[in-house]
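Colleague: make a model of this:
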Amino acid sequence: MKKKKILFFGGSGLLALNWANKIYKSWEVILLKHKRNICFQHAKIMEFEKISKSNIIEVINKENPNLVVNCAAITEVEKCEEEKDNANLVNSVLPEIIANACKLMNIKFIHISTDHLFDGKSSFYQEDNPKSPLNNYGKTKDNAEEKILLENPEALIVRTNFFGWGTSYRYSFSDWIIKSLRESKSIKLFSDVYFTPIYIQELVKIIHILIDKNKQGIFNVVSKERISKFEFGIKIANIFKYPLSLISPISIEDISLMAQRPKDMSLSTKKILDEINYQIKDIENQLLDLKNQEKNRLKI
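Modeller: Residues are numbered from 1 along each chain as shown. Predicted structure coming up:
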């Protein structure tokens, strides 16, 4: 049977590459990259130079995929403050154009959003809670969600915060913690910033359940547990058998940052657990999977 075809915008990023590595045996994968040269033998890699409606329609029409996924984003919060026009182009304009193109060509579109959409004064935000982003990164991602749903109501928007094995040129948060501990470096992690992180492998598994069920609209795809960045680091140290003494807590109030950050980014899993028949692994078991899969990590 002929494989279905999946096309990724932001194909050189951590999520797209790990996603491709997980599904290439059952999907034909196309990775669109911008500047970064990558070598991944299980996918077709294509250059995508300029963000324009004509370029996007041309590449989608030429490849004619069954599914288009947008993983492209400028996620560095400070960079989004310094380069507002570029952040708006990549984080808001690009997904809007892709959503419109997919609607015109009747192709399912999935957009990867964020947990930076709220002011952090509450916990376990649900999909229909009013948004109030504190920084330009959150505002551009908020704007993208609104435009996508206007252009393409059948699109699937996934709000998440993921961790996993990164590449040689892009470390994930968990990579940085593991590398620091492995080198016996002391690190400080926020004890007053909370999130609901999910392992990429678990995230991709759940997204494909949503795809198979032809779900649309916004879904939080995260872990059920709300933990601080400090607690997350302690869990990693425990799983990987590194000294807990290397990690110390710090308050975000003690750090000078250009952009304001929410202290609580935790998202609720109520909607997704109500709509799919799947039990999300707890963070500890996800970290065990992370450890067990280190030998099979991407070599890019």
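
Colleague: give me the contact list for stretch 227-234.
Modeller: Contacting residues not belonging to stretch 227-234 are listed as 173, 177, 187, 189-197, 235, 244, 247, 249-250, 283 [C-beta atoms under 8 Å, 6 or more residues apart in numbering]. Quick note: C-beta positions are derived from backbone N, CA and C, even for glycine.

Colleague: repeat for stretch 81-94
Modeller: Residues from elsewhere that reach stretch 81-94, judged by C-beta under 8 Å, 6+ apart: 9, 51, 56, 70, 72-74, 79-80, 135-137, 140-141, 143-144, 147, 258-259.

Colleague: can I get the CA coordinates of it in PDB?
Modeller: C-alpha atoms of stretch 81-94 as PDB (Å, rounded to 0.1, in the frame of the first residue of the first chain):
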ATOM      1  CA  GLU A  81      11.200  41.300  21.300                       C
ATOM      2  CA  GLU A  82      14.300  42.400  19.300                       C
ATOM      3  CA  GLU A  83      13.100  41.400  15.900                       C
ATOM      4  CA  LYS A  84       9.300  42.000  16.000                       C
ATOM      5  CA  ASP A  85       8.800  42.200  12.300                       C
ATOM      6  CA  ASN A  86      10.600  38.900  11.600                       C
ATOM      7  CA  ALA A  87       8.800  37.300  14.600                       C
ATOM      8  CA  ASN A  88       5.500  38.400  13.100                       C
ATOM      9  CA  LEU A  89       6.400  37.100   9.700                       C
ATOM     10  CA  VAL A  90       7.400  33.600  10.800                       C
ATOM     11  CA  ASN A  91       5.100  33.100  13.800                       C
ATOM     12  CA  SER A  92       1.900  34.700  12.400                       C
ATOM     13  CA  VAL A  93       2.000  35.400   8.700                       C
ATOM     14  CA  LEU A  94       3.500  32.100   7.600                       C
END
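
Colleague: buried ones in that stretch?
Modeller: 81, 87-88, 90-94 (16 or more other C-beta atoms under 10 Å).

Colleague: same question for stretch 54-69.
Modeller: The neighbour-count criterion (16+ other C-beta under 10 Å) identifies 56-57, 59-60, 63, 65, 67-69 as the buried residues of stretch 54-69.

Colleague: inside strands: which ones of the contacts of stretch 227-234?
Modeller: Counting by DSSP state E, the contacts of stretch 227-234 place 187, 189-190, 194-195, 247, 249-250 in strands.

Colleague: quick one, helices of this protein?
Modeller: Applying DSSP state H to the chain gives helices spanning 14-23, 53-63, 77-82, 84-88, 94-105, 136-151, 173-182, 200-212, 229-240, 270-275, 283-292.

Colleague: got JSON lines for those helices, with distance to G164 too?
Modeller: Shown next, in JSON lines, are those (distance: least, C-beta to C-beta, whole Å):
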{"stretch": "helix 14-23", "distance to G164": "5"}
{"stretch": "helix 53-63", "distance to G164": "26"}
{"stretch": "helix 77-82", "distance to G164": "20"}
{"stretch": "helix 84-88", "distance to G164": "24"}
{"stretch": "helix 94-105", "distance to G164": "22"}
{"stretch": "helix 136-151", "distance to G164": "20"}
{"stretch": "helix 173-182", "distance to G164": "7"}
{"stretch": "helix 200-212", "distance to G164": "3"}
{"stretch": "helix 229-240", "distance to G164": "12"}
{"stretch": "helix 270-275", "distance to G164": "19"}
{"stretch": "helix 283-292", "distance to G164": "7"}
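
Colleague: out of those, nearest to R36?
Modeller: helix 14-23 (10.3 Å; C-beta to C-beta).

Colleague: just the buried subset of the contacts of stretch 81-94, written out for PyMOL, thanks.
Modeller: Selection of the buried residues among these in PyMOL, burial being defined by 16+ other C-beta under 10 Å:
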select buried, resi 9+51+56+70+72+73+74+79+80+135+136+137+140+141+143+144+147+259
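
Colleague: buried ones among the contacts of stretch 227-234?
Modeller: Counted by 16+ other C-beta under 10 Å, the contacts of stretch 227-234 give 173, 177, 187, 189-191, 193-197, 235, 247, 250, 283 as buried.
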